[in-house]
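Novice: Here you go, sequence then predicted model.
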Amino acid sequence: MTTLALYSNKGGVGKTAAAVNLSYLAAQTGAKTLICDLDPQGSATYYFRVKPKLKSGPKGFVKGAKGVYKSVKGTDFENLDILPADFSLRKLDVLYNKFGNSKMQLKQMLYPFATEYRLIILDCPVTIGILAENILNASDYTLVPMIPTTLSVRTYNQLIAFCKKKRYDVAKIYPFFSMVDRHKKMHRELMLSVSKDFRGVLQSFVPYLAQIEKMGIYRAPVAVYSPESLASKSYQNLWDKVQKKILYPDRHQ
Amino acid sequence: MINNLKFNLPDGHDVKKMIRQLADTYTLKKEPAVTESFTIYDTFDWRLFNKSFILHSSGNKLFLRKLTKGELSHSVEFSRVPVFIWDFPDSELKDKLMPIIKMRALMPLVEYHSRVTPYRIFNRDKKTVVRLVHEEIWPYRSKRRSALTAHLSLSPVKGYPKYSRNLAKSLKEAGLTSCTEKEYFLNALASADKKPGNYSAKVNIQLDPAMRSDRAAKVVLGFLLSVMRTNEAIFEKDLDTEVLHDFRVAIRRTRSALAQIKNVFPTRTTDRFKKSFAYVGKLSNDLRDLDVYLLNQDEYKAMLPVVLREDIDPLFRHLRKKREKAFQHVMRGLKSKKYAQIMKDWEAFLKKPPPDSATASNAELPVIDLARQRIYKKYRGVVKTGNKILANTEDKMLHILRIECKKLRYLMEFFASLFPRKKINALIEQLKNLQDNLGDFNDLCVQQEYLLNITAELPASQQQVKKTLVAIGSLIETLAHEKQSVKDAFAKTFMDFSAPENQELFRQLFASKKNIDY
């Protein structure tokens, strides 16, 4: 089992859209995949037409709780299940703080999924507290969507500083560009310089496209309602890069 | 694991009407129908079926399922339909199949077309909560207009059990009967006149302890004859090596039964048929040897140093050519008048009911008594010979012991149905361990000798052949080492077999109270 987090300490960067589309593409390859919607807003859950309700509430998210497994729902797509969000997940930070070994709770909660799923994708809320540390501990790799703007780059730097301070392996963090507007000069320039300055930047980007925003209307991954679109191709491209560079580098040498 | 629920659809069912009725209660969406062909495979002796597996292909994929629940065990894509295990692409499915089918060929048993029409059922959020699949099956290349069978299956979506439960309930109420996966596959096989498990080379007979011994012997021999006939009939197809192997084992068992189930038939009859079957067995000796060498090709190669591995190839090419000839030789033998006459006479003899008055001293004896006597005597013989070998391990003696063990094994198998199953099987298992050791030793001796002799058949003048000879030399050396280690393992294996508790078990089961004169 490999766990991949879609994470950012900045909001509105396209985490959920990427998580939903990547999990769909992963499942299409035949790998049994689970997407965990950790965001109390429940957007990923909404995209898959599932009710944002956990039978166990946030308590299912601590080690040894069984309730959470019963909340898993099959999506409309083969090999893809979802652990839906719940509004009460907003209290997850507080909850984890109450426990000993508070930074490993999420990792331990996910263990039992290993037998059933080959890939787990975490759709994370904006956070940089204890939940963020739980996410970093629980995931094998972290994908960080980054809009090519100064603010976005700044927040990314903050994340890296945070990880270094807390001694998390920054080599497992991979940024990629999201919501890119090629018409904007600043976007183009920043992409160039960032690719030079940071290691591990995935050479694939998701443009800013109306087709992606329409996910809210169609309530499905882009490839389902608009398979030939640029939006669909850009996620496919991103997924190819994730496989080649992160998941199965050996197969592609 | 969520299991699919399958329902039989009666002949002349109207699926459109049924869907219309469901649409009154549920929001349904029909998806494009898909037509696929699928084929079910198994070995000639139903190895997969016997382990409760079903292997079938659809499109370019093979699926291994558990027969009882239809649960998917493994699947793999293929470019050409595999026949033998070594044709499979490396995969979990291959690993799973390997110990089951071993060297047997997979045969297509039935081929079908299936037309699948999926429907989705939505909840209020237009989320799929259960899938409904209508499936019709036609036999391949058939002009039949109507489907052979039709099913409706429900596959629940995880997390939405209520919908599938309710739907299943209403389908049952509408009068549909459920169909298990096992029935589904058995129906498919039955429609092509395939009867799972109808062939096995294992002695599978039921004897009555009070039965006259001559009658019991004929039951045993009759079963062996049926095995011979079955394999003889498909020999020409050259399916795999095991057709001949089963045929030969049945002959060997027949000869052993004639010799070991003593004094149940007139001596003249026994002697005559012993001779006949010795002849029939000999017909295929060469072919079987060659089969074994070719089967072990990869093992031999692995024994060689890497630099010599390619050099051995000419040897196997030579053996393959020889095999073609040997195969034709057996083919001619099986079609010969002499063979036909032997089998005809034998069949006639087995069919004839035994005469009322005994023609041999043990003919009228209850079979249980004869079985006990013979098995116990043979067992003691094996222990005695084995003990001698422990004191002084001679190759020749190991060979004699191997033959003795084989005779004992056959006797125990012929008469197994007369004894408590668990106990006798445990003893057979013990004996098998000893036989494996002795068998390995014998194989290594024979192989060494064979390789040495075969060198004379290769044209030594060619440069390539010189390399091959070096490879063969290296192989012979490895075999010699192996032989020694098998020999070293004998003492331990034999002592396990002749352990006091085992001896006690043999005594309990077989030491007869009555003495019979023979």
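Specialist: The structure has been received and is ready for your questions. Numbers count the residues shown, from 1 in each chain, chains lettered A, B, ... in the order given.

Novice: The residue in the stretch 401-518 of chain B that chain A sits nearest to: neighbouring residues, count only.
Specialist: At 33.9 Å from chain A, B:Glu429 is the closest residue in the stretch 401-518 of chain B, using Cβ to the nearest Cβ. (C-beta placed from N, C-alpha, C; glycine too.) By the criterion of other Cβ atoms under 10 Å in any protein chain shown, B:Glu429 has 9 neighbours.

Novice: which stretch of helix or strand covers it?
Specialist: Using DSSP states H and E, B:Glu429 sits in helix B:421-454.

Novice: Over that helix, what's the mean pLDDT, rounded is fine.
Specialist: Average pLDDT, helix B:421-454: 93.

Novice: could you say what helices and strands it packs with?
Specialist: In terms of contacts (3 or more Cβ pairs under 8 Å, 6 or more residues apart in numbering or on different chains; DSSP states H and E), helix B:421-454 is packed against helix B:285-295, helix B:313-335, helix B:395-414, helix B:463-497, helix B:500-510.

Novice: Report the inter-axis angle for it versus helix B:395-414.
Specialist: Counting by axes from the mean of the first three to the mean of the last three Cα atoms, to 10 degrees, helix B:421-454 lies at 140 degrees to helix B:395-414.

Novice: Count residues in the vicinity of the residue in the stretch 151-253 of chain A that chain B sits nearest to, would you?
Specialist: Of all residues in the stretch 151-253 of chain A, the one sitting closest to chain B is A:Arg219 (7.6 Å; Cβ to the nearest Cβ). Counted with other Cβ under 10 Å, residues neighbouring A:Arg219 total 18.

Novice: Correct me if wrong: it contacts A:Val50.
Specialist: No. Taking contacts as Cβ atoms under 8 Å, A:Arg219 lies outside contact range of A:Val50: 9.9 Å.

Novice: For the residue of the stretch 151-253 of chain A closest to chain B, give me its contacts.
Specialist: The contact partners of A:Arg219, by Cβ atoms under 8 Å, 6 or more residues apart in numbering or on different chains, come to A:46-49, B:125-126.

Novice: For the residue most central in space within chain A, give its distance to A:Lys32.
Specialist: What sits nearest the mean C-alpha location of chain A, by Cα atoms, centre = their mean, is A:Leu6, with 2.0 Å. A:Leu6 sits 19 Å away from A:Lys32, going by Cβ to Cβ, to the nearest Å.

Novice: still on that earlier bit, isn't the residue nearest to the centre of chain A right next to A:Pro145, touching?
Specialist: Yes. Look at A:Leu6 against A:Pro145 with Cβ under 8 Å: they come within range, at 7.0 Å.

Novice: what touches both of those two?
Specialist: A:15, A:18.

Novice: Just the pLDDT for the residue of the stretch 151-253 of chain A closest to chain B.
Specialist: Per the predicted model, pLDDT is 95 at A:Arg219.

Novice: related to what we said a few turns ago, now the residue nearest to the centre of chain A, what are its backbone angles?
Specialist: phi -100, psi 110 (degrees, to the nearest 10).

Novice: quick one: low-confidence ranges for chain A?
Specialist: For chain A, residues meeting the criterion pLDDT under 70 lie at A:63-65, A:251-253.

Novice: Strands of that one, start to end?
Specialist: Using DSSP state E, the strands of chain A run over A:2-6, A:33-37, A:73-74, A:80-83, A:119-123, A:141-146, A:173-180, A:205-207.

Novice: returning to that earlier point: now for A:Arg219 and A:Val50: what residues contact both?
Specialist: The overlap between the contact sets of A:Arg219 and A:Val50 (Cβ under 8 Å, 6+ apart) consists of B:Asp125.

Novice: Could you verify that B:Gln206 is part of a strand?
Specialist: No. Applying DSSP: H, G, I helix; E, B strand; the rest coil, one finds B:Gln206 to be coil, outside a strand.

Novice: which residues touch the closest residue to B:Ser52 other than its chain neighbours?
Specialist: Excluding the flanking residues, the one nearest B:Ser52 by Cβ to Cβ, 6 or more residues apart in numbering or on different chains is B:Leu67, at 4.5 Å. B:Leu67 sits next to B:49, B:52-54, B:181-182, B:185 when contact means Cβ under 8 Å, 6+ apart.

Novice: which of those residues are buried?
Specialist: Buried members of those, scored by 16 or more other Cβ atoms under 10 Å in any protein chain shown, are B:49, B:53-54, B:181, B:185.

Novice: what's the spacing between the residue in the stretch 251-400 of chain B positioned nearest to chain A and A:Met109?
Specialist: Residue nearest to chain A within the stretch 251-400 of chain B: B:Val306 (24.2 Å; Cβ to the nearest Cβ). According to Cβ to Cβ, B:Val306 and A:Met109 sit 49 Å apart.

Novice: Kindly report the same for B:Asp193.
Specialist: From B:Asp193 to A:Met109 the distance is 55 Å (Cβ to Cβ).

Novice: and those two? which has more neighbours close in?
Specialist: A:Met109 (21 against 8).

Novice: distance of the more buried one from A:Asn134?
Specialist: In terms of Cβ to Cβ, A:Met109 sits 9 Å off from A:Asn134.

Novice: what's the answer for B:Trp46, then?
Specialist: Taken as Cβ to Cβ, the span from B:Trp46 to A:Asn134 is 53 Å.

Novice: Comparing those two, which residue is more hemmed in?
Specialist: Higher neighbour count among B:Trp46 and A:Asn134: A:Asn134, with 26 against 18, using other Cβ under 10 Å.
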